[in-house]
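Asks: give me a model of this one.
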Amino acid sequence: MATHDDNASESGRNGRKIALIVIAIAFIASATTAMLAFTASHRAREADAKALEADGSDLREMIADWRSIRIDAEKAAPEDRQPRVDRLITRINALSDWKPRTPCGQETRDRLRGVMEERARRLMRDEGAQGAGMPPTDEADILASAWRQCAAEPGRDVKN
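Replies: Sure thing, here's the model as predicted:
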């Protein structure tokens, strides 16, 4: 009988060892999963920040180009304005063709396109820089407003 008790106590010790090994493996797996999730989240935030910065840079460049052409068109006499407005329309089309990297860039592009189209319509109607009614929103203000909104809602551009 003494042999039977030794086998039972050894079996109990082996069971505890196995349970401890299973718990250790589960802990290591859990810790590894948490580290991988943290790393992936960090990479996604970094990629989003870089993409957002690149979108902002592209849009600022487009606005600067647009603004110089727009000012030239606004200063032109009404009879000389059409070729300048055609250049503005070309810039609107280029903006429409631009592929944003983030949802924020896409929203901003769409808002800018609306403002630019309204400016071009005003110039075509011969309203010039002093158009009747409410003046259109400045393109740089649209960009600044959109980027403030993006900063207030961090992470919404991160793709899951």
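Asks: phi, psi of the residue nearest the centre of the chain?
Replies: Central residue of the chain (CA atoms, centre = their mean): residue 102, 3.1 Å from the mean position. Torsion angles at residue 102 (phi, psi; degrees, to the nearest 10) stand at phi -130, psi 160.
Asks: ok, it to residue 50 distance?
Replies: To residue 50, residue 102 is 10 Å away according to CB to CB, to the nearest Å. The way it works is simple: take the backbone N, C-alpha and C, and place the C-beta from them, glycine included.
Asks: pLDDT at the residue nearest to the centre of the chain, what is it?
Replies: With respect to pLDDT, residue 102 has a value of 88.
Asks: my read is that it contacts residue 51, right?
Replies: Yes - with contact defined as CB atoms under 8 Å, residue 102 reaches residue 51; the gap is 5.0 Å.
Asks: put the alpha carbons of stretch 62-72 into PDB.
Replies: The C-alpha coordinates for stretch 62-72 follow below in PDB (Å, rounded to 0.1, in the frame of the first residue of the first chain):
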ATOM      1  CA  MET A  62      -2.400  73.100 -53.800                       C
ATOM      2  CA  ILE A  63      -3.900  76.100 -51.900                       C
ATOM      3  CA  ALA A  64      -0.800  78.200 -52.500                       C
ATOM      4  CA  ASP A  65      -0.900  77.500 -56.200                       C
ATOM      5  CA  TRP A  66      -4.700  78.100 -56.300                       C
ATOM      6  CA  ARG A  67      -4.400  81.300 -54.400                       C
ATOM      7  CA  SER A  68      -1.900  82.800 -56.800                       C
ATOM      8  CA  ILE A  69      -4.000  81.900 -59.800                       C
ATOM      9  CA  ARG A  70      -7.200  83.100 -58.000                       C
ATOM     10  CA  ILE A  71      -5.700  86.500 -57.100                       C
ATOM     11  CA  ASP A  72      -4.600  87.000 -60.700                       C
END
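Asks: avg pLDDT for that stretch?
Replies: Stretch 62-72 shows a mean pLDDT of 92.
Asks: may I see the buried residues of that stretch?
Replies: The neighbour-count check on stretch 62-72 (16 or more other CB atoms under 10 Å) flags 62, 63, 66, 70 as buried.
Asks: could you check which helix or strand contains the closest residue to the first one other than its chain neighbours?
Replies: By that I understand residue 62. The shortest distance from residue 62 to any non-neighbouring residue, by CB to CB, 6 or more residues apart in numbering, is to residue 95 (5.7 Å). Following DSSP states H and E, the helix or strand that holds residue 95 is helix 82-97.
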